[in-house]
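Asker: model this:
(one chain, ligands or ions: 1)
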Amino acid sequence: MERKYPHLSSPITIGRTTFRNRMFSAPMGGTDIANDGCIGPKSTAFYELRARGGAAAVTVSELMVHPATDGSHAYHLDESILNSLACATYTADAIRRHGAIPSLELSHSGMYAGTYMTDKTKQKSMHQWGPSDTVRPDGVQVKALTKEMIDEIVASYGHVAGLAKRAGFEMLMIHGGHGWLINQFLSPMFNHRTDEYGGNLENRCRFAIEVLKSVRDEVGPFFPIEFRMSGEELVPEGYTLEDGVEIAKMIEPYVDIIHVSAGTYQRTFGRTHPSMFTPHGVNVYMAAEIKKHVKTPVATIGGLNDPAQLEEIIASGKADIVYMGRALLADNELPRKVVENRDDEIVRCLRCFTCMAERAATSTRRCTVNPLIGRESEGSEVSKAAEKKKVLVAGAGPGGLYAAYTAARRGHEVILCEKESEPGGILKSEQALPFKHEMYELAGTYALLAQKAGVEFRYNTVVTPEYVEKEAPYALIIATGSRPLVPPIPGLDGENVVIVNNYYKEKDKVTDDVVVFGGGLAGCECAIHLGMEGKKVHLVEMRDRLAPDANVRHRPLLLAEIEKYATVHTEYRGLEVTKEGVLCEDKNGQKVLVPGTTVICALGQRPTTDTVESLMDTAPYVRVIGDASRVSTITNAVYWGYHAALDI
Ligand SMILES: Cc1cc2nc3c(=O)[nH]c(=O)nc-3n(C[C@H](O)[C@H](O)[C@H](O)COP(=O)(O)O)c2cc1C
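Answerer: Just a heads-up that it's a prediction; the model follows:
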């Protein structure tokens, strides 16, 4: 068969293991972790999904090798714990039976252990272990590991590696990057030892090499061992790419794949997990540089989701393997779609960080664009309905589109009505913001999937009670979304005001001096964009903080961009919009004019309650989803749409 992406789709053999293509699934923490560290069934289903989706290897994340010195809540593998080996075996098998190679990441958080503890107050009463004595920025004491402790940890890597092999894992990833223990030893930023583990690079590599030898002793010569490292640490105190090359050369004799990621979790989160404000593949240059200096296969990672770019990386020899994390949450079938020349069906990751934020907030996992994530064990098959029904969906925003797509896959007759001339709903406004273009494109992808599944689209069609009566569907899904909130503030109806949702249509009206009125997520993102365009931007917010509606991972990155591009006025209440700007009252009751000749109104959304109420009684099965139900996130709209269709 002629493959559209031949390099990406081609197998690679490492030692005696053949991987079916070049697309590997990066370690992503499962969330179903029993109190004794066993891998829970929901986590197993989480990893299995990516194996079914065609990834060549699926990495089960962060198994802590030495719980005694590593307090993070993560998987453990310990034969003295009932079920520990069994759970790991079920997980390895769940991956292997779909043709993917099961890999397990072995890790130790070192001085950053306990970072994820839900009860942060406990951090005050503990200390952690790292290469050197120090105090973490959050006040936690760190003590230097003794030689005896180092030996014990090294031995535990080997011991756990042996157990992993016994459980059926066919590859191991040793986590030497992102600021965790091995990285801490490699880094001059963390490692201030004066013994044989500190000082020059050779000494700083000693711990990593001892770990790798210990693992090799247990798993034997033909078992692929992969070393995950940061190509460079990306901060002045950290190691450089030049050092990264030397590290790669030093560990090369002990490994089968050198996996080049970037930076540290603690200092460069938005590069280690490249954010929407960075280009796709922003870290590929590190792998490409290291590859020039080693013979061992090299893997790259970071914000990759475009098959054409992935193909180019492999074809041009920048790397031999591409890893993806979030892209395979967004579309667990991405590798399969690539290999089967169905790349137009790929649902792209938005890099919105819902996945990581949900873990921090609720210890579960969700993905904005893929409602299977976090619910994998509830079944990922959309099964045919026992009886074909007529389904009418009102509104082609993300929730409506996903509902229609799902209902059609279940064999129903589905009509999707949209009052405007194209799909997308609120997503349409994202087209003007380059860093959110993928969010805009999401509607096109969902629409294509829905169309292929047999949905009939009717644009420029408003669903009224009469319309429903005429169509007489069994099910009506109301996904009519929300409208912008425009409070009765004098001047807000003026010629110089652009509603943020309409910015994409009225871009040309916007002058070089802008006040963005409203510092929620939409206002902040628009302010950043306008700043990037070179405009002078003032951002006015009534509350004392910006974007409280942004998730905990995206928000700090957003605020860092705001700092670059806008002048912020929090606790400013807008009283009146004039031709010169927004007249505000500050927290001391003083009147201040925030200057700008264009005002962007970004004061929030409210549901289309009137429409919803008029339609509630028009069909046997009625479900209200997304913003029409409660102004909320795209994630909720998609999850609710999916389940509304499953319930028919
Ligand atoms: C939800 C989530 C969980 C992650 N958990 C881990 C982990 O347990 N171990 C690890 O080494 N990296 C972890 N990472 C980092 C990824 O492996 C990857 O390096 C990073 O997300 C960048 O790749 P991407 O842009 O393709 O997502 C995680 C990333 C995400 C998004």
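Asker: how about stretch 506-517: buried residues?
Answerer: 510, 514, 515, 516, 517 (16 or more other CB atoms under 10 Å). Using the backbone N, CA and C atoms, a C-beta is placed for each residue, glycine as well.
Asker: show me those that map onto strands.
Answerer: In this view, these that belong to strands under DSSP state E are 514, 515, 516, 517.
Asker: sorry, back to before: from the buried residues of stretch 506-517, pick the one nearest the ligand.
Answerer: Nearest to the ligand among the buried residues of stretch 506-517 is residue 516, at 28.8 Å by CB to the nearest ligand atom.
Asker: poorly predicted segments of the protein, please.
Answerer: Segments of the chain classed as low confidence (criterion: pLDDT under 70) are 72, 115-120, 123-124, 380.
Asker: name the single longest helix found in it.
Answerer: helix 147-167 (DSSP state H).
Asker: what does that one rub up against?
Answerer: The contact list for helix 147-167, computed with CB atoms under 8 Å, 6 or more residues apart in numbering, reads 63, 65-66, 69, 77-79, 85, 88-89, 91-92, 104, 106, 108, 129, 145, 172, 174, 181, 195, 197, 207, 210-211, 214-215, 217-219, 223.
Asker: which of those residues are buried?
Answerer: For those, buried by 16+ other CB under 10 Å: 63, 65-66, 69, 77-78, 85, 88-89, 91-92, 104, 106, 108, 129, 145, 172, 174, 181, 197, 207, 210-211, 214-215, 218-219, 223.
Asker: rewinding a little: helices or strands up against the helix or strand following the longest helix of the chain?
Answerer: Once helix 147-167 ends, the next helix or strand along the chain (criterion: DSSP states H and E) is strand 171-176. Packing partners of strand 171-176 (3 or more CB pairs under 8 Å, 6 or more residues apart in numbering; DSSP states H and E): strand 57-64, strand 101-107, helix 147-167, helix 181-186, helix 206-219, strand 225-230.
Asker: just say helix, strand or coil for the residue in the chain sticking out farthest from the centre.
Answerer: Distance to the chain centre peaks in the chain at residue 470, reaching 43.2 Å (criterion: CA atoms, centre = their mean). Assigned by DSSP: H, G, I helix; E, B strand; the rest coil, the conformation of residue 470 is helix.
Asker: same deal with residue 623?
Answerer: Going by three-state DSSP: residue 623 is strand.
Asker: ok, back up a step: want to throw the buried residues of stretch 506-517 into a markdown table with distance to residue 394?
Answerer: Shown next, in a markdown table, are the buried residues of stretch 506-517 (distance: CB to CB, whole Å):
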| residue | distance to residue 394 |
| --- | --- |
| 510 | 32 |
| 514 | 35 |
| 515 | 35 |
| 516 | 32 |
| 517 | 31 |
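Asker: distance to the ligand added to the residues you listed, as a markdown table?
Answerer: Formatted as a markdown table, these follow (distance: CB to the nearest ligand atom, whole Å):
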| residue | distance to the ligand |
| --- | --- |
| 510 | 32 |
| 514 | 32 |
| 515 | 35 |
| 516 | 29 |
| 517 | 33 |
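Asker: just confirm residue 522 is within a strand.
Answerer: No. Counting by three-state DSSP, residue 522 falls outside a strand, being helix.
Asker: contacting residues around it?
Answerer: 429, 500, 501, 602.
Asker: which of these lies closest to residue 616?
Answerer: When those are compared for distance to residue 616 (CB to CB), residue 501 comes out closest, at 25.4 Å.
Asker: that closest one in helix, strand or coil?
Answerer: Relying on three-state DSSP, one would call residue 501 helix.
Asker: nearest spatial neighbour of it, skipping sequence neighbours?
Answerer: residue 429 (4.6 Å; CB to CB, 6 or more residues apart in numbering).
Asker: the one you found: how many residues sit nearby?
Answerer: Residue 429 has 23 neighbours, counted by other CB atoms under 10 Å.
Asker: that one reaches residue 506, doesn't it?
Answerer: No. Assessed by CB atoms under 8 Å, residue 429 is found out of contact with residue 506, at 10.7 Å.
Asker: who in the stretch 301-450 of the chain is up against the ligand?
Answerer: 301, 302, 303, 304, 324, 325, 326, 327, 355, 356 (CB under 6 Å from any ligand atom).
Asker: so what's the third one up against?
Answerer: Taking CB under 8 Å, 6+ apart, we find residue 303 in contact with 273, 274, 275, 278, 279, 280, 281, 282, 283, 351.
Asker: go again using 7 Å as the cut-off
Answerer: 274, 278, 280, 281, 282, 351 (CB atoms under 7 Å, 6 or more residues apart in numbering).
Asker: which residue is the nearest non-sequential neighbour of it?
Answerer: residue 274 (3.3 Å).
Asker: for the one you found, the count of nearby residues, please.
Answerer: 23.
Asker: for it, give its distance to the ligand.
Answerer: Per CB to the nearest ligand atom, to the nearest Å, residue 274 is found 5 Å from the ligand.
Asker: ok but that residue is inside a helix, no?
Answerer: No. Under three-state DSSP, residue 274 falls outside any helix and is assigned coil.
Asker: wait, doesn't it sit right on residue 301?
Answerer: No. At 9.3 Å, residue 274 does not count as touching residue 301 under the criterion of CB atoms under 7 Å.
Asker: residue 604 and residue 486 touch, don't they?
Answerer: No. Proximity of residue 604 to residue 486 does not meet the contact threshold set by CB under 7 Å, at 9.6 Å.
Asker: return only those of the buried ones among the contacts of helix 147-167 found close to the ligand.
Answerer: With CB under 6 Å from any ligand atom as the criterion, the buried ones among the contacts of helix 147-167 include none near the ligand.
Asker: now find how far off-centre stretch 420-428 is within its chain.
Answerer: Chain-centre distance of stretch 420-428: 24 Å, with CA atoms, centre = their mean, to the nearest Å.
Asker: likewise for stretch 161-178?
Answerer: For stretch 161-178, the distance to the chain centre is 24 Å (CA atoms, centre = their mean).
Asker: end-to-end on it?
Answerer: Length of stretch 161-178, first residue to last, CA to CA, to the nearest Å: 21 Å.
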